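**Student:** Quick one: sequence and predicted model below, then my questions.
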Amino acid sequence: MKTSASRLLAGWVLLGAALAGGCLPSRADKAEESSAAFPRPAAGEFSVMTFNLHQYALVDRDGVADTLEPKPPEEAAAIVEVVREVSPYVLAVQEMGDPAAWAEFKYALRQAGLDYAHEEYLRRGKSILNMAVLSRFPIVAAHSHVDDTYTSGPTQFPLMRGVIEIDVEVNPQYRFRLMVAHLKSKVFHSFGQAEMRRNEARLLNNHVRAALKEDPNLNLLVVGDFNDDPSSAALREIRTYKREVLLHDLRPVDAIGDAWTHRENDDTYHRIDYMLASAGLLPEVLPDKCYAVRSPLLLRASDHRPLVATFAAAERAPETAPDLSKRLPPEIPQND
């Protein structure tokens, strides 16, 4: 395949026009609405967003195999507007394209008034869909992984998109570790997509256990698109080890209580994106400011909707940890 340079340039020009006001309401028009729509961190608090951008990359969109097209400008502009409305302190994204797409995305955010000084971009080989993090706070250490593999029968497979692992310094007295993952999709694979995803989940759990072994009280947040439901084997592999719960499901919900994160073309809805916190981080979680974004812009932006969690930026006593079981409906096993 080859990229049409003229199409790529045209896409970026149209995105600039959209951000300038061609496709979306102006910043002034939306300021009052957005500030009221989503909870904001107060002084001494910070927020983290995870968002699958749905192919913010050069892919075949028109069925013509010899060309690749960028994300349509109206979709890209809607993503930028959603992020601007929330204005997270730390933004983790999945399905980000190559370095050129990454640079364009950051430029679009800056044009919308969001300038993140720190970043981690992870691309395994020449992967089309990658992961990245933008942060207002310094990233003081990076331990990201691109070499993990597992064996299924006679075949060795890589952890397809790797794992981002970074330490973020919110202030001189408070840090947290962030892991970002995007596990195997449910698209058919001859080796079995569910088993492949479960193996990838085990590899992610290896990094979780290694981090918590080094520091059992670590402020650890694991986010991303795990492509499976809360009761799946893959989620158990990520969250637990030998029946011990390592990570607690924050289960953000929207203003009407819906927790779904992914919409399929036939109008079915699933919860496959997650924010999971270690016991060390749990006391800093502010449940009333953890939410799934509900916005009409998402109909254009992505087939996923972003999740947001807000935390106190100071260590708190373990007994102050919220009771997350109150956020779970009765039909979900409460193995926390």
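**Tutor:** Received the coordinates, thanks.
**Student:** CA only for contacts and neighbour counts going forward, please
**Tutor:** Noted.
**Student:** Is residue 91 in a helix, a strand, or coil?
**Tutor:** The local conformation at residue 91, judged by DSSP: H, G, I helix; E, B strand; the rest coil, is strand.
**Student:** pLDDT at it, what is it?
**Tutor:** With respect to pLDDT, residue 91 scores 98.
**Student:** same check, this time on residue 229
**Tutor:** For residue 229, the model assigns a pLDDT of 95.
**Student:** Test my guess that it contacts residue 262.
**Tutor:** No - contact criterion C-alpha atoms under 8 Å: residue 229 and residue 262 do not qualify, at 10.7 Å.
**Student:** distance of the nearest residue to residue 269 once chain neighbours are set aside from residue 303?
**Tutor:** In this structure, residue 269 finds its nearest non-sequential neighbour in residue 263, 4.7 Å apart by C-alpha to C-alpha, 6 or more residues apart in numbering. Residue 263 is 5 Å from residue 303, where distance means C-alpha to C-alpha, to the nearest Å.
**Student:** how about stretch 227-247: buried residues?
**Tutor:** 227-228, 230, 233-240, 246-247 (16 or more other C-alpha atoms under 10 Å).
**Student:** Revised request: answer the last question for stretch 259-270.
**Tutor:** 259, 260, 261, 262, 263, 270.
**Student:** For those, which two are the farthest from each other?
**Tutor:** The largest separation in the buried residues of stretch 259-270, counting by C-alpha to C-alpha, is between 259 and 263 at 11.7 Å.
**Student:** pLDDT weak spots in the stretch 151-300 of the chain?
**Tutor:** 188-190, 266 (pLDDT under 70).
**Student:** residue ranges for the strands of it, please.
**Tutor:** Defined through DSSP state E, counting those that start in this stretch, the strands belonging to the stretch 151-300 of the chain, from first to last, are 155-158, 163-171, 174-182, 220-225, 240-241, 244-245, 247-249, 262-263, 269-270, 273-278, 291-292.
**Student:** so can I have a markdown table of those showing distance to residue 67?
**Tutor:** Putting the strands of the stretch 151-300 of the chain into a markdown table (distance: least, C-alpha to C-alpha, whole Å) gives the following:
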| stretch | distance to residue 67 |
| --- | --- |
| strand 155-158 | 27 |
| strand 163-171 | 30 |
| strand 174-182 | 26 |
| strand 220-225 | 28 |
| strand 240-241 | 44 |
| strand 244-245 | 47 |
| strand 247-249 | 41 |
| strand 262-263 | 27 |
| strand 269-270 | 32 |
| strand 273-278 | 31 |
| strand 291-292 | 35 |
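**Student:** picking up where we left off before, hmm, the residue nearest to residue 269 is touching residue 270, no?
**Tutor:** Yes - contact status for residue 263 versus residue 270: in contact at 6.7 Å, counting by C-alpha under 8 Å.
**Student:** anything in contact with each of residue 229 and residue 262?
**Tutor:** 270, 271, 272 (C-alpha atoms under 8 Å, 6 or more residues apart in numbering).
**Student:** Now for the second one: which residues touch it?
**Tutor:** Residue 271 makes contacts with 228, 229, 230, 259, 260, 261, 262, as judged by C-alpha under 8 Å, 6+ apart.
**Student:** what about it, distance to residue 155?
**Tutor:** Counting by C-alpha to C-alpha, the gap from residue 271 to residue 155 is 30 Å.
**Student:** number of nearby residues for residue 167?
**Tutor:** Applying other C-alpha atoms under 10 Å, we find 18 residues neighbouring residue 167.
**Student:** Not counting its neighbours along the chain, what's nearest it?
**Tutor:** residue 177 is the one closest to residue 167 (C-alpha to C-alpha, 6+ apart), at 4.4 Å.
**Student:** Mind giving me the packing neighbours of the lengthiest strand in the chain?
**Tutor:** Using DSSP state E, we find that the single longest strand of the chain is strand 45-56. Here strand 45-56 touches strand 90-96, strand 220-225, strand 307-312, going by 3 or more C-alpha pairs under 8 Å, 6 or more residues apart in numbering; DSSP states H and E.
**Student:** and the residue nearest to residue 269, what does it touch?
**Tutor:** Residues touching residue 263, when contacts are defined by C-alpha under 8 Å, 6+ apart, comprise 269, 270, 303, 304.
**Student:** for residue 167, same thing?
**Tutor:** So residue 167 contacts 139, 140, 141, 142, 175, 176, 177, 178 (C-alpha under 8 Å, 6+ apart).
**Student:** Which of those sits closest to residue 76?
**Tutor:** Distances from those to residue 76 were compared by C-alpha to C-alpha; the smallest belongs to residue 178, at 25.3 Å.
**Student:** Spit out the contact partners of the closest one.
**Tutor:** Contacts were defined as C-alpha under 8 Å, 6+ apart; by that measure residue 178 touches 164, 165, 166, 167, 168, 220, 221, 222, 223.
**Student:** longest helix anywhere in this protein?
**Tutor:** helix 193-214 (DSSP state H).
**Student:** In space, what's closest to residue 123 - neighbours in sequence excluded?
**Tutor:** Closest residue in space to residue 123, ignoring its immediate chain neighbours: residue 130 at 5.4 Å, by C-alpha to C-alpha, 6+ apart.
**Student:** Show me what the one you found is bridged to.
**Tutor:** Here residue 130 shows beta-bridge partners residue 96, assigned using DSSP bridges.
**Student:** ok, now residue 312?
**Tutor:** For residue 312, the beta-bridge partners under DSSP bridges are residue 45.
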